[in-house]
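> Task: produce atomic coordinates for the following.
(one chain, ligands or ions: 1)
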Amino acid sequence: MKYIDEFRDGELARGLVRAIAAEANPARTYRFMEFCGGHTHALSRYGVTDLLPAPVRMIHGPGCPVCVLPIGRIDMAIALTLERGVILCSYGDTLRVPASAGLSLMKARARGGDIRMVYSTTDALALARQHPDREVVFLAIGFETTTPPTALALVQARTEGLKNFSVLCNHVLTPSAITHILQSPEVRRHGSVPLDGFIGPAHVSLVIGSRPYEHFAEEYRKPVVIAGFEPLDVMQAILMLLRQVNQGRAEVENEFSRAVSREGNKKAQALVSEVFELRRSFDWRGLGEVPYSALKLRPAYAGFDAEQRFDLTYRPVADHKACECGAILRGVKTPRDCKLFGTVCTPENPVGSCMVSSEGACAAHYSYGRFR
Ligand code: SF4
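Below is the predicted model:
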C-alpha cells in the first residue's frame, strides 16, 4: 500500500475485524497497552475500540508528551516568564497544561508573560535571533521523536554563538517508561493490570528502532508490535499481538516496516547523544520518579541549559485531588472512572493533563465518545 487512504480502507478493515474475532479466544481476556498517545487517538477517532471483540481490551499508556509533564516543570517555565522576563516558547498543547495556582502558560500570558507558541525549534532559534536583547527559553517536551530537533537547535545555537538562547529540557525516554510499567506492583503481581503485550510507538521507533523493545520480549515475556498510526495499522498490530499470545510467543514484530528499521535513525541517535545525557531521575506525571528516564544537556552545552542558567529548582506539585490522570497514565483506570470527566473537566477547560492534547486519553474519549 502506498497512499494514506489505503490504510483507512473499509473493506480491509472489515476483513481485519473478522480475523481478530476469529483469533480471540472467548474464554479468556487479552489486555494490550497502546503506549503512544497517537495510537490512543487513532483507536478513538476511527472507532477501532468498538470493533474489537469483548475479550480484547486496550489499555492506554503514558505516551502522550504533554500528559506526563509534571506540574512543577510547568511552574518553572511560568516563573521564568513572569518573574525573570524571558520570552518563553513551546509547542501549542504545552501552553494549555494546567499548572499550580490555577495557572497554565496560556493564563500566564494573560498576566503579562511573554509566551509564544512555536511550530518547531527553528522558530525558537529565529525568536532568539530577532530579540538579541532578550533571553529566549525553549520549553522542550516529548519523547524520542521531538528530541533530535531540540538537539539540532542546540548544535546550531552553539555554532552561531547565540548568547540569549537556552532550553528547559523535559525530554523523556520510552523504554524506561515501559520498564517502569512492567515493574510496577499492579503489573508484577499480575493483579489489577495484567498486560499481555504492547503496541509499540510509531514515530519514536522511527528514531530508536525496534531493537530497544527486544529486552521486554526476552526479559518480561511481553510481545511488542510496532505499529503505524492509521486504523489498519493498529488493527493489524492487534491481530499480530493476538497471534503471538495464542501461540505462546513473545517477540518484537514490526507492523510499521514502511518506516521503522531495527536500528532506527542512527544520525538522529548520534546527534541526541552528542547533546544530551541521562538524568538520574525524572518525576513523571502519573508514574512518579522514574530512574534514568529523561535527558539533560551535557556539560559542553551547559551554557544553553535554562535550569543552570537561571538556577532553577524543581518542586513537585500534586495533581488536582479528584483528577485520575496518574492512574490513567499507569493503565489502572480509564477516563470514565474520573468523576470530573466531561463535566468539570473538558477540552475547553482541562483540569488534568490527559484532557489537554488530542493524544491524551481523556481528550480522545471526550472527543470521540468512547465507552471502553
Ligand atoms: Fe484528569 Fe480531567 Fe481526565 Fe479527570 S477527566 S482524569 S480531571 S484530565
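> So for stretch 131-145, first residue to last residue, what's the gap.
Its first and final residues considered, stretch 131-145 spans 28 Å by C-alpha to C-alpha, to the nearest Å.
> Stretch 38-57 now?
17 Å.
> And it, what's buried?
Of all the residues in stretch 38-57, those buried under the rule 16 or more other C-beta atoms under 10 Å are 38-44, 46, 48-49, 51-52, 55-56. Every residue, glycine included, has its C-beta placed from N, CA and C.
> Please see if it touches the ligand.
No - with C-beta under 6 Å from any ligand atom as the threshold, stretch 38-57 lies outside contact range of the ligand, at a closest distance of 12.5 Å.
> and that stretch, how far from the chain's centre?
Centroid separation for stretch 38-57 versus its chain: 18 Å, with C-alpha atoms, centre = their mean, to the nearest Å.
> In this structure, what residue lies closest to the ligand?
Gly352 (2.4 Å; C-beta to the nearest ligand atom).
> Wait, that residue touches Asp319, no?
Yes - counting by C-beta atoms under 8 Å, Gly352 touches Asp319, with 6.2 Å between them.
> Mind telling me what element Pro26 is part of?
For Pro26, there is no host helix or strand (DSSP states H and E).
> That one - how many residues pack around it?
Burial of Pro26 is recorded as 9 neighbouring residues (other C-beta atoms under 10 Å).
> Also Val317?
16.
> excluding its backbone neighbours, what's nearest it?
Spatial nearest neighbour of Val317, chain neighbours left out: Ile71 (4.0 Å); criterion: C-beta to C-beta, 6 or more residues apart in numbering.
> ok, now Leu287?
His180 (5.6 Å).
> Please list the residues of the stretch 201-350 of the chain that sit near the ligand.
Applying C-beta under 6 Å from any ligand atom, we find that the stretch 201-350 of the chain lies next to the ligand at 323-325, 328, 335, 338, 340-341, 345.
> Show me which of the residues you listed is closest to Arg96.
Within those, proximity to Arg96 (C-beta to C-beta) peaks at Cys345, which comes in at 12.6 Å.
> rewinding a little: how about a markdown table for the residues of the stretch 201-350 of the chain next to the ligand, with distance to Val234, neighbour count and secondary structure added?
Output for these, formatted as a markdown table (distance: C-beta to C-beta, whole Å; neighbours: other C-beta atoms under 10 Å; DSSP: H, G, I helix; E, B strand; the rest coil):
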| residue | distance to Val234 | neighbour count | secondary structure |
| --- | --- | --- | --- |
| Cys323 | 27 | 25 | coil |
| Glu324 | 24 | 25 | coil |
| Cys325 | 23 | 30 | helix |
| Ile328 | 19 | 29 | helix |
| Pro335 | 19 | 24 | helix |
| Cys338 | 24 | 24 | coil |
| Leu340 | 28 | 18 | coil |
| Phe341 | 23 | 23 | strand |
| Cys345 | 26 | 26 | strand |
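> Output these as a markdown table; include the columns distance to Asp114 and pLDDT.
A markdown table is the format used below for these (distance: C-beta to C-beta, whole Å; pLDDT from 0 to 100):
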| residue | distance to Asp114 | pLDDT |
| --- | --- | --- |
| Cys323 | 29 | 93 |
| Glu324 | 34 | 92 |
| Cys325 | 29 | 90 |
| Ile328 | 33 | 89 |
| Pro335 | 34 | 92 |
| Cys338 | 34 | 95 |
| Leu340 | 32 | 95 |
| Phe341 | 34 | 94 |
| Cys345 | 29 | 94 |
